[in-house]
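Student: This is a predicted model, with the sequence first.
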Amino acid sequence: MLNIVIFGAPGSGKGTQSDKLIEHYNLFHISTGDVLRDNIKRGTELGKIAKGFIDQGQLVPDELIIDILAQVLDENKANASDGVIFDGFPRTIPQAEALEQLLADRGTKIDAVVGLEVPEDELIKRILLRGQMSGRSDDNEETARKRLDTYHNQTSPLKAYYEQQGKYRAINGLGSIDDIFELIKDSLDSL
Ligand code: ADP
């Protein structure tokens, strides 16, 4: 089993590198952002609540997102993957604590946290470029800046949290997609 958290600011390349990791290590992908966007598209009650937060650049409340994650983890029970990649979760210390408990209850744990480190001006550039292509309602400049503030205030403390556990792997997230992926593989292959 290889359970990984892919960690970084909005626009740091988590989704892109997740796709490569999933294929290479045969992992099951859990992206809380994708789950929320799917709910918004289907017009579910959860989607309606989530949209309000997402369009303000804020986080969806911990209780809600932790519930969703527990559900997705249980759906994955029958899955034939060699582990899970958590993308966009945890985003707060309480979420990280909940994840630890959820995994412990299932007899497993996080093995490594891959932290994609990208300078702020590059993040904004990438988010705006993605917005032109994806049409994501939160990929505009105003919301992007709020999301970065939210990241600094609520999510970035997780770096120290996972460093203390000896799990954090800093990866330079500037460069070509393939070069970054090589760096990630090198750091995971030493596990
Ligand atoms: P990105 O990391 O590029 O901003 P995501 O697709 O991971 O994009 O998330 C989009 C939005 O969904 C976030 O800005 C947030 O509002 C909400 N969201 C996703 N995951 C979580 C989470 N774990 N906790 C709270 N809110 C979340």
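Tutor: Right, received. Where do you want to start? Residues are numbered from 1 along each chain as shown.

Student: wait, is residue 5 part of a strand?
Tutor: Yes. When classified by DSSP: H, G, I helix; E, B strand; the rest coil, residue 5 is found to be part of a strand.

Student: what about it, how many neighbours?
Tutor: Residues near residue 5, counting by other C-beta atoms under 10 Å, number 24. Glycine gets a C-beta too; all of them are placed from N, C-alpha and C.

Student: contacting residues around it?
Tutor: 85, 86, 89, 90, 110, 112, 113, 114, 162 (C-beta atoms under 8 Å, 6 or more residues apart in numbering).

Student: Let me know the helix or strand that residue 113 is in.
Tutor: strand 112-117 (DSSP states H and E).

Student: From the rest of the structure, what touches stretch 122-135?
Tutor: For stretch 122-135, contacts defined as C-beta under 8 Å, 6+ apart pick out 9-13, 118, 136, 139-141, 144-145, 147-148, 174.

Student: number of nearby residues for the residue of the chain found nearest the ligand?
Tutor: Residue of the chain nearest the ligand, by C-beta to the nearest ligand atom: residue 33 (1.9 Å). Residue 33 has 19 neighbours, counted by other C-beta under 10 Å.

Student: residue contacts, it?
Tutor: 15, 87, 88.

Student: Can you classify residue 139 by secondary structure?
Tutor: coil.

Student: List the backbone torsions phi and psi for it.
Tutor: Dihedral angles of residue 139 (phi, psi; degrees, to the nearest 10) stand at phi -100, psi 50.

Student: quick one: contacts for it?
Tutor: 127, 128, 130, 131.

Student: now, which of the contacts of residue 5 lie close to the ligand?
Tutor: residue 89 (C-beta under 6 Å from any ligand atom).

Student: just the contacts of residue 5 now: which is nearest residue 153?
Tutor: Nearest to residue 153 out of the contacts of residue 5 is residue 90 (C-beta to C-beta; 14.7 Å).

Student: hang on, isn't the closest one packed against residue 99?
Tutor: Yes. The pair formed by residue 90 and residue 99 meets the contact definition of C-beta atoms under 8 Å, at 5.3 Å.

Student: Could you check which of those two has the larger neighbour count?
Tutor: Taking other C-beta under 10 Å, residue 90 and residue 99 do not tie; residue 90 has more neighbours (26 against 21).

Student: Quick check: that one is in a helix.
Tutor: No. Applying three-state DSSP, one finds residue 90 to be coil, outside a helix.
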